[in-house]
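# I'll drop the sequence and a predicted model, then ask my questions.
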Amino acid sequence: MGEHDADEFDDVDDVDEDGDDRSEPEVTIEISGLSLYTHVGVTSAEREVGQRLLLDLRIDVGECDATITDRIEDTIDYGQVCELANLVAHQRNYKTLERLCAAIADRLLETYDASAVWVKAAKPEPPLALPVGEVSVEVWRESAG
């Protein structure tokens, strides 16, 4: 190994080819297929019996210190996000997936420092007269500030 090979990358810092400082990477946290048993439905029978829902969540964190520190405290813990979504889904009986998605999105924005959140709720076995693979609703919200 030559004298210059060992320190070939020592002088490389976070500057791109144009000489601009590189910004930290943008982070998005995604959770797919969170399965919850809830009491969501328009009819009272649907709310009484309950059914399984599948949630997909996306949280736009923006710049995130964990990309450098590797510490869970410097990001959003997706385990806590799952628990929060479950809590919101069970705090009351919702008639529509729209309202449930909006409630989860609002709670995520209230709880975490995120620039935007996206929530999708799907009923894989909707109580319909015709065969349907699933029905779903999506809600996307941006942070106010």
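Arrived safely, thanks for sending. Numbering: from 1, shown residues only.
# which residues touch the helix or strand where K120 lies?
Using DSSP states H and E, K120 falls within strand 116-123. Residues outside strand 116-123 that contact it (Cβ atoms under 8 Å, 6 or more residues apart in numbering) are 40, 51-60, 85, 97, 100-102, 104-105, 108-109, 134-143. Placement of C-beta: from N, CA and C, glycine included.
# Over to stretch 98-114?
Stretch 98-114 is contacted from outside by 38, 40, 53, 55, 57, 59-62, 76, 81, 84-85, 88-89, 94, 117-121, 137-141, 143-144, using Cβ under 8 Å, 6+ apart.
# So which bits of it are buried?
Residues of stretch 98-114 classed as buried by neighbour count (16 or more other Cβ atoms under 10 Å): L100, C101, A102, A103, I104, A105, R107, L108, L109, Y112, A114.
# any chance of the residues you listed in TSV, plus secondary structure and pLDDT?
Formatted as TSV, the buried residues of stretch 98-114 follow (DSSP: H, G, I helix; E, B strand; the rest coil; pLDDT from 0 to 100):
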residue	secondary structure	pLDDT
L100	helix	97
C101	helix	98
A102	helix	98
A103	helix	97
I104	helix	98
A105	helix	98
R107	helix	97
L108	helix	97
L109	helix	97
Y112	coil	95
A114	coil	95
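# Now the strand holding K120 - C-alpha only, PDB.
The C-alpha coordinates for strand 116-123 follow below in PDB (Å, rounded to 0.1, in the frame of the first residue of the first chain):
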ATOM      1  CA  ALA A 116     -46.400  15.100   7.100                       C
ATOM      2  CA  VAL A 117     -48.200  11.900   7.700                       C
ATOM      3  CA  TRP A 118     -50.100   9.500   5.500                       C
ATOM      4  CA  VAL A 119     -52.600   6.900   6.900                       C
ATOM      5  CA  LYS A 120     -54.300   4.100   4.900                       C
ATOM      6  CA  ALA A 121     -56.900   1.800   6.500                       C
ATOM      7  CA  ALA A 122     -58.100  -1.200   4.600                       C
ATOM      8  CA  LYS A 123     -60.900  -3.700   5.400                       C
END
